[in-house]
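*Asks:* Requesting a structural model of the entry that follows:
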Amino acid sequence: MPNYPQRTHIYQNHHFDSTRWDYFESRADDIVIATSYKAGTTWTQAIVAHLLFPDGNFPAPPAQYPSG
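*Replies:* Numbers count the residues shown, from 1 in each chain. I've put the predicted structure just below:
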């Protein structure tokens with residue numbers, strides 16, 4: 001079993017809720033990318049899409065990928 005980092009603080013306010021990860025079940029091929037609100041989330045999705053699909057043959061536009 002992997003040695004994942006342990007939570008040391010719970011953040012909860014009108015923008016954040018760190019407990020949302022309590023019931024998250026990852027899959028072997030999951031990639032989790034987290035950005036703060038208003039901090040370039042769409043831009044980050046585009047960068048990651050280009051890293052995963054360097055030929056530009058995306059399965060969908062990056063802004064349409066599922067997010068949490």
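*Asks:* drop to CA atoms for contacts and neighbour counts, all remaining ones
*Replies:* Will do.
*Asks:* where does the chain have low pLDDT?
*Replies:* 1, 62-68 (pLDDT under 70).
*Asks:* residue nearest the centroid of it?
*Replies:* The geometric centre of the chain, computed from its C-alpha atoms, lies nearest to Ile33 (Cα atoms, centre = their mean), at 2.9 Å.
*Asks:* Ramachandran coordinates for that one?
*Replies:* Here is the backbone geometry of Ile33 (degrees, to the nearest 10): phi -130, psi 120.
*Asks:* State the helix or strand in which Val48 lies.
*Replies:* Assigned by DSSP states H and E, Val48 belongs to helix 41-52.
*Asks:* For that helix, name the packing helices and strands.
*Replies:* Of the remaining helices and strands, none touches helix 41-52 by 3 or more Cα pairs under 8 Å, 6 or more residues apart in numbering; DSSP states H and E.
*Asks:* That one: how far from the chain's middle?
*Replies:* 11 Å (Cα atoms, centre = their mean, to the nearest Å).
*Asks:* ditto for stretch 13-22
*Replies:* Mean-position distance between stretch 13-22 and its chain equals 14 Å (Cα atoms, centre = their mean).
*Asks:* Any idea how far apart the tips of that stretch sit?
*Replies:* 16 Å (Cα to Cα, to the nearest Å).
*Asks:* picking that back up, buried sites along the helix holding Val48?
*Replies:* Neighbour counts over helix 41-52 (16 or more other Cα atoms under 10 Å) mark Thr44, Gln45, Ala46, Ala49 as buried.
*Asks:* Which one of those residues is nearest to Ala28?
*Replies:* Ala28 lies nearest to Ala49 out of those, by Cα to Cα, at 18.5 Å.
*Asks:* got TSV for the buried residues of helix 41-52, with distance to Asn57 too?
*Replies:* Formatted as TSV, the buried residues of helix 41-52 follow (distance: Cα to Cα, whole Å):
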residue	distance to Asn57
Thr44	17
Gln45	15
Ala46	13
Ala49	10
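*Asks:* Out of the residues you listed, the closest to Pro5 would be?
*Replies:* The shortest gap between Pro5 and any of the buried residues of helix 41-52 belongs to Thr44, at 23.3 Å (Cα to Cα).
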